[in-house]
Structure formats: structure tokens, C-alpha cells
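S.K.: The following comprises the amino acid sequence and a computationally predicted model.
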Amino acid sequence: MTIDVLILGLAGVTFAAVIIFALTSKKQVVEKKENPNSEKSSLAADTDSHGNTK
């Protein structure tokens, strides 16, 4: 086993892991968007869409 095969193998496994993570995250986001009872984002809970505080 040369270092080239090791590097290619590690790169392939990393690429596969990132793709799997992205697909599962996308599935969760789509399911949450389709559910009308899901809780809304709290990132901007203290302001409205124009930046005014509530």
C-alpha cells in the first residue's frame, strides 16, 4: 500500500461522509418545512423583518 492509495482512500471516505451528512440534513429541513406544526426559528425572535425591536 503506497501513500497515494491511502490519501485517495481517506479523501474518498471524507467525501462520502460529507455527502451523506448533507443529504440527511436536507431531508430534515424539507420535513420541517412541510410540517405546519413545527416550531419556527428563534434566530430573530426579538426583532421583526425590518430590524425593529418588539
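M.R.: It's in.
S.K.: Then Ser41 would be within a helix, right?
M.R.: No. Going by DSSP: H, G, I helix; E, B strand; the rest coil, the assignment for Ser41 is coil, not a helix.
S.K.: And it, how far from Thr24?
M.R.: To Thr24, Ser41 is 19 Å away according to CB to CB, to the nearest Å. Any C-beta I mention is one placed from the backbone N, CA and C, and that applies to glycine too.
S.K.: count of neighbours near Ser25?
M.R.: Neighbours of Ser25 under the rule other CB atoms under 10 Å: 10.
S.K.: and it, what helix or strand is that in?
M.R.: Taking DSSP states H and E as the definition, Ser25 sits inside helix 3-34.
S.K.: can you pull the buried residues of that helix?
M.R.: For helix 3-34, burial by neighbour count (16 or more other CB atoms under 10 Å) applies to no residue.
S.K.: which residue is nearest the middle of the chain?
M.R.: The chain has Ser25 as the residue nearest its centroid, 4.3 Å off, counting by CA atoms, centre = their mean.
S.K.: Contacts only, for Lys40.
M.R.: If you count contacts by CB atoms under 8 Å, 6 or more residues apart in numbering, Lys40 has none.
S.K.: Now stretch 2-13 - C-alpha only, CSV.
M.R.: Output of stretch 2-13 as CSV, limited to C-alpha atoms (Å, rounded to 0.1, in the frame of the first residue of the first chain):
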residue,chain,number,x,y,z
THR,A,2,1.5,3.3,-1.0
ILE,A,3,0.8,6.7,0.4
ASP,A,4,-1.1,7.6,-2.8
VAL,A,5,-3.7,4.9,-2.2
LEU,A,6,-4.0,5.9,1.5
ILE,A,7,-4.6,9.6,0.6
LEU,A,8,-7.1,8.7,-2.1
GLY,A,9,-8.9,6.3,0.2
LEU,A,10,-9.1,8.9,3.0
ALA,A,11,-10.3,11.6,0.5
GLY,A,12,-13.0,9.2,-0.8
VAL,A,13,-14.3,8.3,2.7
